[in-house]
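> Quick one, fold the following:
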Amino acid sequence: MLPFVIFVIALALLFDFLNGMNDAANSVATIVSTRVLSPRLAVMWAAFFNFIAAFFFGVHVAMTIGKGVVDPAVVSPVMILVSLLSAVAWTHICTQAGLPISVSHALIGGLVGSGIAKAGFKALIAPGLTKILLFIVLSPIIGFLLAMTLMKVLFWLFRNSNPRKIDVWFRRLQLVSAGFYSLSHGTNDAQKTMGVVAVLLYSTGYLGTEFYVPIWVILSCHFAIAMGTLLGGWKVIKTLGMKMTKLKPVHGFAAETASAISIIFASLMGAPVSTTHTITGAVIGVGAATRFSAIRWGIAYKIVWTWILTIPSTALVSFLLWEAAALLRLAK
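As a prediction, the model looks like this:
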């Protein structure tokens, strides 16, 4: 059993790595598109803050994933395996297509599908899923509203200022806001993989009788997501930072700050939000604060459809993988 558990943990860390690659766009798209940092320096900056997020804000989201999606009593290593395979496949396909998806929702969909396949709908935990589904809707709206409001406040505060001086100041401030956003991203997203690894260890008896997240799990998950961010999903970065709307440093500062505030708030509540949804909503918000025609709505429409399809698609794939494993007498 131990070699199989180690293999599943390795796959979970691969998923975390791919999460970092896809979500590198979230962390660096705005600061790259405004040319405050080069792409390589931007991902190094983001990766650093993704990792040190391990030492802030606790593990509330990990507890929600570990105990709030599927009943831990029905979880098995094979169930975690098929959930991860489904999520990894979807994440890889969307990253190659340059689409910024919610990697966390891919994982949640995988858990839901395999949970239903193994034990029926009674395996699902309604309060936890309700919280997740609620924030699927709320996170882009909150990001949009906060960013648009902050952008309008900044326009008013600096309405009589020299545009060149404003640009210089916000180039400096955007380094701070980008770091703040990457810290919030690491805090929320790495915890989702922590929750999966922790529930795997709990279900196989390696945690004992009490569910918790070991420190080595926390550090390894943050390291994996930081390395994924360091390598970067460049197609996704181009979609979010350069195709959606034209950004200046003040826009980047507003989008990153608004997103970071909303993500950290959700993390402290234990809500596994989509950092992708939040930053995309914020980028649209800063563009809309200038004029709605500044947004390329065709690209936004394509991204939203990808979000809608993520949970059903990964749930279906993991359901079918579990059924295939059952036919081969591998599922238990």
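
> measure the residue nearest to residue 84 when sequence neighbours are not counted to residue 121 for me?
Once flanking residues are discounted, residue 84 sits nearest to residue 11: 4.9 Å by CB to CB, 6 or more residues apart in numbering. Where you see a C-beta, it was placed from the backbone N, CA and C, and this is true even at glycine. Note on residue 11: its distance to residue 121, by CB to CB, to the nearest Å, is 26 Å.

> quick one: which of these two has more around it?
residue 11 (18 against 9; other CB atoms under 10 Å).

> can you pull the pLDDT of that one?
For residue 11, the pLDDT comes out at 89.

> Which elements pack onto the helix or strand the residue nearest to residue 84 falls within?
Taking DSSP states H and E as the definition, residue 11 sits inside helix 2-33. Judged by 3 or more CB pairs under 8 Å, 6 or more residues apart in numbering; DSSP states H and E, the packing partners of helix 2-33 are helix 39-52, helix 77-96, helix 103-119, helix 163-203, helix 215-231, helix 234-238, helix 249-268, helix 275-290.

> Now the weakest link among these, please, by mean pLDDT.
helix 234-238 (a mean of 57).

> quick one, what contacts the residue nearest to residue 72 when sequence neighbours are not counted?
Excluding its sequence neighbours, the residue lying closest to residue 72 (CB to CB, 6+ apart) is residue 199, at 5.4 Å. Residue 199 makes contacts with 65-67, 72, 75, 80, 211, as judged by CB atoms under 8 Å, 6 or more residues apart in numbering.

> ok, 6 Å please
66, 72, 75 (CB atoms under 6 Å, 6 or more residues apart in numbering).

> Kindly tell me how buried the first one is, as a neighbour count.
Just to be clear, that refers to residue 66. The burial count for residue 66: 29, using other CB under 10 Å.

> Hmm, residue 198 and it touching each other?
Yes: contact status for residue 66 versus residue 198: in contact at 4.8 Å, counting by CB atoms under 6 Å.

> what about the closest residue to residue 31 other than its chain neighbours, how many neighbours?
Nearest non-adjacent residue to residue 31, counting by CB to CB, 6+ apart: residue 178, 4.5 Å away. Other residues near residue 178 come to 29 when the count uses other CB under 10 Å.

> so how far is residue 103 from residue 178?
20 Å.

> likewise residue 148?
Counting by CB to CB - residue 148 and residue 103 are separated by 26 Å.

> between those two, who's got more neighbours?
residue 103 (32 against 22).

> Grab the nearest non-local neighbour of the more buried one.
Using CB to CB, 6+ apart, the closest residue to residue 103 is residue 19 (4.2 Å).

> who's in contact with that neighbour?
103, 189, 225.

> Which single one of these is nearest to residue 158?
residue 189 (32.8 Å; CB to CB).

> For the closest one, grab the count of nearby residues.
For residue 189, using other CB under 10 Å, the count is 36.

> tell me the phi and psi of residue 213?
Taking degrees, to the nearest 10, you get phi -110, psi 110 for the backbone angles of residue 213.

> How many neighbouring residues does it have?
Neighbours of residue 213 using other CB under 10 Å come to 22.

> cool, residue 4 as well?
The burial count for residue 4: 12, using other CB under 10 Å.

> swap in residue 108?
Residue 108 has 31 nearby residues by other CB under 10 Å.

> and if you look at the one 4 residues further on?
A count of nearby residues for residue 112, using other CB under 10 Å, gives 25.

> what's near enough to touch it?
Counting by CB under 6 Å, 6+ apart, residue 112 has contacts residue 315.

> 10 Å instead?
The contact partners of residue 112, by CB atoms under 10 Å, 6 or more residues apart in numbering, come to 69-70, 83, 121, 123-124, 129, 132, 311-312, 314-316, 318-319.

> Just the buried ones from these?
Among these, those buried by neighbour count (16 or more other CB atoms under 10 Å) are 69-70, 83, 123-124, 129, 132, 311, 314-315, 318-319.

> Let's have the residues you listed in JSON lines, adding secondary structure.
Listed next are the buried ones among the contacts of residue 112 as JSON lines, based on DSSP: H, G, I helix; E, B strand; the rest coil:
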{"residue": "69", "secondary structure": "coil"}
{"residue": "70", "secondary structure": "strand"}
{"residue": "83", "secondary structure": "helix"}
{"residue": "123", "secondary structure": "helix"}
{"residue": "124", "secondary structure": "strand"}
{"residue": "129", "secondary structure": "helix"}
{"residue": "132", "secondary structure": "helix"}
{"residue": "311", "secondary structure": "helix"}
{"residue": "314", "secondary structure": "helix"}
{"residue": "315", "secondary structure": "helix"}
{"residue": "318", "secondary structure": "helix"}
{"residue": "319", "secondary structure": "helix"}
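
> What is the nearest of those residues to residue 31?
The nearest one, if we look at the buried ones among the contacts of residue 112 relative to residue 31 and count by CB to CB, is residue 132, at 28.8 Å.
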